[in-house]
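S.K.: structure of the sequence below:
(2 chains)
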Amino acid sequence: MKETLDEINELRTAGLIGQWAIGGAMAATFYLEPISTYDLDIFVLFEGSPLILTLTPIYDFLQARGHSPDGDAVMVHGWPVQFLPAESVLLREAVESAQEVDFEGVPSRVMRAEHLMAIALQTGRGKDFARLLTFMEAQVADEQKLHDILQRHGLNAAWQRFEQNYLNPS
Amino acid sequence: MSPLFQKTLESKAARRQRLMALPYPEKVRIVEQMRAAALEIRQAENSTLILREEPSPYGGGKA
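M.R.: Below you'll find the model as predicted:
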């Protein structure tokens, strides 16, 4: 994955993307045990172009460097990379406050556990709740930070439902 | 809960803790191995060499 992250940094250097961060299962893997996944979710901000309508420049740049499209992803050094614009306020905040990680010499960014939990809650699929439970069991999140995020993004009611259904079922 | 079951749960929890404590690049390598295995299984779906189990008749089949 080191070479894959190198290519993402090249996109940033070329000015095609702004700040970026690993999200999804590969970000959760940073805090938890390894989670089986097919692709690498890269959430990106676009500086100076708030109305970006297409990811084509990213795909073209990568294709010119020998990386071909693979469904809705691009295969970069063996990893299908899915570029996801961080469009919502929560996703933007998650990218902006991501943790700087040195991945075998390659500077990378990984979303923080509290943001991953809030995003999982907002996404709300079965696997998101399962991951949220794993985060709770692992006690890797700062509870105060998590509740601040939930409060800021109007997720308190969703959290109460999650607690009721999964943490304190009666 | 039986002592044996309790011991199994504790050993599973300890194993998860060990996995969580691994450095990130090492965890990524494990994910890559899991992914390769999953893709291999997916590609073998049409193979006639695989012995297929009948689906369990949960909630249906038997009256």
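S.K.: ok, the helix or strand bottoming out on mean pLDDT in chain A near chain B or not?
M.R.: Across the helices and strands of chain A, mean confidence by mean pLDDT, DSSP states H and E is lowest for strand A:69-70: a mean of 90. No: counting by CB under 8 Å from any CB of the partner chain, no contacts exist between strand A:69-70 and chain B, the nearest distance being 11.9 Å. Every C-beta, even on glycine, is put in place using the N, C-alpha and C of the backbone.
S.K.: now that strand, how far from the chain's geometric center?
M.R.: 20 Å (CA atoms, centre = their mean, to the nearest Å).
S.K.: same thing with stretch A:59-78?
M.R.: Using CA atoms, centre = their mean, the offset of stretch A:59-78 from its chain centre is 19 Å.
S.K.: buried by neighbour count: which residues of it qualify?
M.R.: For stretch A:59-78, burial by neighbour count (16 or more other CB atoms under 10 Å in any protein chain shown) applies to A:59, A:61-62, A:67, A:73-76.
S.K.: need the residues of chain B near chain A, please.
M.R.: So chain B meets chain A at B:16, B:19-20, B:22, B:24-25, B:27-28, B:30-32, B:34-35, B:38-39 (CB under 8 Å from any CB).
S.K.: what subset of those residues is buried?
M.R.: So, by 16+ other CB under 10 Å, the buried ones in the residues of chain B next to chain A are B:20, B:24, B:27-28, B:30-31, B:35.
S.K.: measure residue A:74 to residue A:81 for me?
M.R.: Relative to residue A:81, residue A:74 is positioned 5 Å away (CB to CB, to the nearest Å).
S.K.: returning to that earlier point: now, the buried residues of stretch A:59-78 that are in strands?
M.R.: Secondary structure from DSSP state E places A:73-76 of the buried residues of stretch A:59-78 in strands.
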